[in-house]
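only geometry, no sequence info:
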C-alpha cells in the first residue's frame, strides 16, 4: 500500500467518481490512476468502488471505511508537513480562508492588509460562499480557516471560536413610506417586497425563526449572497433590504436610508472555524488573532490543542 494510492482514491471520490478529472488535478494520467486503484484493490483483496463496465458508479461498504481511514492518513501527512514547515519556513506557505461575502467584504480587508504586510511570503487565498459552502470547504480541507455565522458552528468536525457579534438593519430608497412609519416592526417589514441574503430563510436561521415565531411571512422577492447586490436592487426600487448593519456605509451608500433593526432580531455571532484535527501554523494563528484581537495567542493554542510557546 502506497501513500499516492490513498491520494488517488480520495481524489476520485472528491471528483464525483470521475477518474479523468481526478487525474488532471493530480497531474497524472487517467490510466495511471486506474492502475493504482486496481493494484490497491488487489492488495486488499476487495473492491473499493462499484463499477458498471469500466465506469465507477459508487463506493462499496468496505470502500467507505477505507476512504474514511485514507482521509485521516492524508490529513495527518499534511499536519506532519506543516510541523516541519513551521520550524524550517516559519514565514512561508499558503493560507486559504473561506468566508461569506459580507465577511470577506467588510470584516477581512483590514486584517488581510496587516497580515500581508507581516507575512509577505505567505500566499493568501480567499474563497467566498454562503455559510454552508464555507463550512464544507473547511471540512473538506479546501480551506484552512472558515469565517461565517450560525451554520459553521453546528459542524462536529469543526472547532469554532467566536469572532464578534453583529445585527441587522433595513435599508430603503429615500422617501420610502417605511422610513417615517416608526417604530420599525416585523409586521411593517412584511408589508413591502423584501430583498435579503439567500440564506436568511433557510437552515433555521435567526431571521427565519424570528418571523416564524411571530406568525409572519415576509414577502421575499429577491435574494443574493452579496450585500452589495442587495443594495443595488434596493436602489432600483424593487423593495426594501434586510442586511448586516456592517454592510451599510454612510458615505458610499448615502443614496439609501437606514433603519436599525437590532431590536427585532437577536445578535448573531460570526465564528472562526477550523478542523479539529488540523495542525495550525503560526501564521494561521496570527491571522485569526488579527480577526479577533480579544483572542490571546495562548487561548488559541489551548483551544486548538497546540504546544505552548
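On my side now, so go ahead. Since this is a predicted model, take the numbers as computed values, not measurements. Numbers count the residues shown, from 1 in each chain.

so who does residue 155 touch?
Residue 155 makes contact with 135, 138, 139, 273, according to C-beta atoms under 8 Å, 6 or more residues apart in numbering. Where C-beta positions appear, they are placed from N, C-alpha and C, glycine not excepted.

okay but the second one is in contact with residue 151, surely?
No - Residue 138 is beyond contact range of residue 151, at 11.4 Å (criterion: C-beta atoms under 8 Å).

Looking at the two, which has the bigger crowd around it?
Set residue 138 next to residue 151 and count neighbours by other C-beta atoms under 10 Å: residue 138 wins out with 27 against 23.

Residue 188 versus that one, what's the distance?
Noted for residue 138: a distance of 38 Å to residue 188, by C-beta to C-beta, to the nearest Å.

And for residue 279?
51 Å.

who's more crowded, the two?
A count of neighbours by other C-beta under 10 Å puts residue 279 above the other of residue 279 and residue 188, at 20 against 17.

Please identify the helix or strand for that one.
Residue 279 belongs to no helix or strand when assigned by DSSP states H and E.

List the beta-bridge partners for residue 194.
residue 220, residue 240 (DSSP bridges).

which residues touch residue 263?
183, 184.

What are the phi and psi values at it?
The phi/psi pair for residue 263 (degrees, to the nearest 10) reads phi -80, psi -10.

With residue 279 instead?
phi -90, psi 120.

Grab the nearest non-local neighbour of it.
residue 79 (3.8 Å; C-beta to C-beta, 6 or more residues apart in numbering).

Could you report the separation of that neighbour from residue 287?
Distance, residue 79 to residue 287, by C-beta to C-beta: 18 Å.

More neighbours: these two, which one.
Neighbours were tallied for residue 79 and for residue 287 using other C-beta under 10 Å; the higher tally belongs to residue 287 (25 against 15).

contacting residues around the more buried one?
Residues near residue 287 by C-beta under 8 Å, 6+ apart: 95, 97, 111, 115, 145.

which residues does the closest residue to residue 17 other than its chain neighbours contact?
Residue nearest to residue 17 in three dimensions, not counting chain neighbours: residue 56, with 4.2 Å by C-beta to C-beta, 6+ apart. Residue 56 makes contact with 12, 17, 19, 49, 50, according to C-beta under 8 Å, 6+ apart.

Can you tell me how far residue 56 is from residue 284?
Taking C-beta to C-beta as the measure, residue 56 falls 35 Å from residue 284.

Please apply the same query to residue 42.
From residue 42 to residue 284 the distance is 40 Å (C-beta to C-beta).

More neighbours: those two, which one.
Between residue 42 and residue 284, counting by other C-beta under 10 Å, residue 284 is the more crowded of the two (23 against 10).

which element is the more buried one on?
Counting by DSSP H and E, the element that carries residue 284 is helix 282-291.

same question, residue 142
Under DSSP H and E, no helix or strand contains residue 142.

Relative to residue 286, how far out is it?
21 Å.

which one of these two has more residues nearby?
Comparing residue 142 with residue 286 by other C-beta under 10 Å, the one with more neighbours is residue 286, at 19 against 15.

Now do the contacts for the more buried one.
Counting by C-beta under 8 Å, 6+ apart, residue 286 has contacts 115, 118, 119.

OK, contacts around residue 100?
Going by C-beta under 8 Å, 6+ apart, residue 100 touches 128, 129, 130, 131, 134, 147, 148, 149, 225.

Going through the residues you listed, which ones are buried?
If you count burial by 16 or more other C-beta atoms under 10 Å, the buried members of these come out as 128, 129, 130, 131, 134, 147, 148, 149, 225.

Just the closest of those to residue 35, please.
If you rank the buried ones among the contacts of residue 100 by distance to residue 35 using C-beta to C-beta, residue 129 comes first, at 35.5 Å.

wait, that closest one sits on residue 225?
Yes - counting by C-beta under 8 Å, residue 129 touches residue 225, with 7.4 Å between them.

And the closest residue to residue 239 other than its chain neighbours, how close does it get to residue 244?
Nearest in space to residue 239, with sequence neighbours left out and distances taken as C-beta to C-beta, 6+ apart, is residue 193 at 3.3 Å. The gap separating residue 193 from residue 244 is 20 Å, by C-beta to C-beta.
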